[in-house]
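[1] Generate a structure from the sequence data that follows.
(one chain, ligands or ions: 1)
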Amino acid sequence: MFDKRIRKYVSDIMSGEKNSSFAMAALKLEDSSTMPTFKDGQTTEEKVESLLSQMTLEEKITMLGGKDNLGIHGVERLSIPEVWCTDASAGVRCYGRATAFPVPLAMAATWSKELNRKTGEAIGEECRAKGVSVLLGPGINIYRVPTNGRNFEYMGEDPYLSSELVVPYIQGVQSRGVITTVKHFACNNSDYDRHRMNSEVDERTLQEIYFPAFKAAVQKGGSKSVMCSYNPVNGVYASENKDLLTGVLREDWGFDGFVISDWTCVYSSEGPVKAGLDLEMPQGKYMNSKKLRPLLEKGIITEEMIDNKIRNLMKAFIDIGAYSRNLKDPSFNEYDDNHSKISLQGAREAVVLLKNKNNILPLNKENLKKIVLIGFNAVNTTSCGGGSCGIKSYDKVNIADGIRAMVSDAVQISSIATEKKSYRLTDADRKLIKEADVVIVSAGFSSVEESECWDRSWKLPFDQDRLIKESTTLNSATIVLLSAGGGVETESWLGDTAALLHTFYLGQNAGTAIGEVLFGEVNPSAKLPFTMAKKWDDFESTKNYVKKPEAISFMRIIGPQGSNAIRKPWTLKYSEKLMVGYRHFDSAKVEPQFPFGFGLSYTNFAINDVTLSKDSIRRGESCEISLTVENKGTKAGAEVVQLYIHDRESSLIRPHKELKGFEKVYLEAGESKKITLPVLPEHLEFFNNGKWAAESGQFTLLLGNSSRNIAASLELELMD
Ligand code: BGC
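    Residues are numbered from 1 along each chain as shown. Below is the predicted model:
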């Protein structure tokens, strides 16, 4: 009961309704045409220096702390405008309604760079229409344990997949004149106790698992902003972690944007200033005049340090156009039908068909007279997880309506347990289930159970597993739809189900996409961006995790910020090291429930004619795999060809295989297409002795349509 009250209390704050400061920030977004004048032909650097030279110390310090929760200070005297931020990854969260896109984990299940780019572009456009120049996303923390309350907001368990998909998303947003903020740097892989959980991770694991998506976001995507995380990393809070914010980000990766704090993740003044934090949000609690001036006077920090932060901020704002345009751009629409179409296409391509016994799916409209829908999610369909990713959408199609739209009025659709989360079947319900042609159970989490600020349970909440089991006992044509931000316990109920679809949180058109997939108007093509295990203990990472992830406490969530005296950090060792997700299942030969990269289709594909341009290469050289993908069935569809690399001899233990390439191929029935996949020098490398390098020897290149279904393999030799 206490748990429920805390969840409700926090979720009200997070949802931004009523008088919360998130909603209030909307009021501040009046249009303004305040902007500084620059001399013709000035470079960005010259513009920055010209503004900086006119600013007083007080004005500079003021700019280092946020304003009204989502704003970055301007300087009225110099006509430097304020800049506004918004959450984030699945749409524009703040300032009223917006298009709700599928959550990033669902977008990762599409394995589509194009759709991730289009989603980014659409979100960027809505930002511009609302007057926002900084998007506080995308989130790209690695899916380390299935219960992390924010996995839905990230792009799955694989660093290569996340890297490949985050880049087009960033390019899409930034192409519209909006800065992206990749978050949360680093190792915020759990929301169980994010202010105190010190992630202890060795260097190689950071480099191979937890850094690559951030590195790609910065170097390939060109993200102009990075958000540091709440948690300490290797004993030092991320916001004051110089190794991370200066060493890794700026010195190793050449990042030249700005580092923004997560909301209340700053715990002191001197550390963050020196470490490389540029902006404290939502306000300058530690980066303010009262705190910084004494440090300046004592010479502990210098004005040059402050100037550099202003340079980082203003360079990004000038480059993106935020200092040379009106706040709102009328050429972009806040509501755009095309954005809803992009969201719908994302949802269609995100539904993963995991089980389809006797090809019960797609359902045949002609043979159906009675459908029974079970579960709260059928009507109150969760379109997004809770917290700062949650979008208040314009329209929303729930699952019940999506199914209704697929069948004629003559088909009887009955609903059970759609009003209540916890429910016990009555005799009348049992009769309905028994007599139905098909039963569709919409199981999963609501945005209160699966949300930022806490972890969720491994088991389905509200005894929904019992409902599924009762239904399968009464009617073998029971299909389960799983709305969740990742894997859940399925082993106890999966066996007798007829079909299972993972439907994530699909945004405002969830019901339409699900209806279309169920009835075959859309052929499912998505693949899991994470491993689904049979048992909680099957993951190596859960062995190094908390015992009861879903247990929540007031102190962990909303207790006071900062002071280590109150918030004594405790250490969580990432002892599984590289063995995250399929890397562990494959290396330790553990059978997953559904493997990484897996997803069925209503057609079948073959991978043929696999050849390699060279079977041996010298260090630094590339080669190319060619192959043909064939749609052997009678329905058009898409296949995701995946390339994994197995290093046959290595001086250090490496995961059995790792994803290093993929391509999504759309094919008509009977059609074949030739594709090529490059093998680049970095695909063979691992991190050893402080650097990335490949060791000479034999590599096996594995091609398939999941991490466990390998259709062909090739041998490649790397020579010195
Ligand atoms: C979240 C961030 C988010 C920020 C602003 C924090 O609670 O961790 O991801 O961007 O709030 O809403």
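
[2] Tell me where the stretch 451-600 of the chain has helices.
    In the stretch 451-600 of the chain, the helices defined using DSSP state H, counting those that start in this stretch lie at 464-474, 510-518, 554-558, 582-587.

[3] Can I get those helices in CSV including mean neighbour count, mean pLDDT and distance to K420?
    Just so you know, the C-beta spots here come from the backbone N, C-alpha and C atoms, and that holds for glycine as well. Shown next, in CSV, are the helices of the stretch 451-600 of the chain (neighbours: other CB atoms under 10 Å; pLDDT from 0 to 100; distance: least, CB to CB, whole Å):
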stretch, mean neighbour count, mean pLDDT, distance to K420
helix 464-474, 21, 98, 11
helix 510-518, 27, 98, 20
helix 554-558, 16, 78, 26
helix 582-587, 24, 98, 37
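
[4] what residues are up against G697?
    Applying CB atoms under 8 Å, 6 or more residues apart in numbering to G697 gives the contacts D647, R648, E649, S650, E717, L718.

[5] Go through these and name the one nearest the ligand.
    Set against the ligand, the nearest of these by CB to the nearest ligand atom is D647 (35.7 Å).

[6] neighbouring contacts of the lowest-mean-pLDDT helix or strand in the chain?
    Least confident helix or strand, the chain: helix 21-27 with a mean of 71, by mean pLDDT, DSSP states H and E. Outside helix 21-27, the residues that touch it by CB under 8 Å, 6+ apart are G16, E17, D68, N69, L70, G71, W84, R93, C94, Y95, G96, P282.

[7] Buried residues in stretch 137-144, which are they?
    Residues of stretch 137-144 classed as buried: G137, P138, G139, I140, N141, I142, Y143, R144 (neighbour count, 16 or more other CB atoms under 10 Å).

[8] Got phi/psi on the residue nearest to the last one when sequence neighbours are not counted?
    The shortest distance from R144 to any residue that is not its chain neighbour, by CB to CB, 6 or more residues apart in numbering, is 4.0 Å, and that residue is N189. N189 has phi and psi values of phi -100, psi 20 when expressed as degrees, to the nearest 10.

[9] now swap in S199 and tell me
    phi -80, psi 110.

[10] That one contacts F185, correct?
    No. Contact between S199 and F185 fails when scored by CB atoms under 8 Å: they sit 11.6 Å apart.

[11] So between the two, which is more surrounded?
    The residue with more neighbours, out of S199 and F185, is F185; 28 against 23, by other CB atoms under 10 Å.

[12] Please list all residues in contact with that one.
    For F185, the contacting residues are F214, V226, M227, C228, S229, A238, L244, L245, L249, V259, by CB under 8 Å, 6+ apart.

[13] who in this protein is up against the ligand?
    Counting by CB under 6 Å from any ligand atom, the chain comes close to the ligand at D87, A88, L136, K183, D262, W263, S388, E452.

[14] burial count for I260?
    Neighbour count for I260, taken as other CB under 10 Å: 26.

[15] Would you check that it makes contact with V226?
    Yes. Contact criterion CB under 8 Å: I260 and V226 qualify, at 7.4 Å.

[16] Residues that sit against both of these two, list them.
    Common neighbours of I260 and V226 (CB under 8 Å, 6+ apart) are T181.

[17] OK, now which residue of the stretch 451-600 of the chain is nearest to the ligand?
    Taking CB to the nearest ligand atom, the stretch 451-600 of the chain has E452 as its residue nearest the ligand, at 6.0 Å.

[18] Against G156, how distant is that residue?
    Using CB to CB, to the nearest Å, one gets 18 Å for the distance from E452 to G156.
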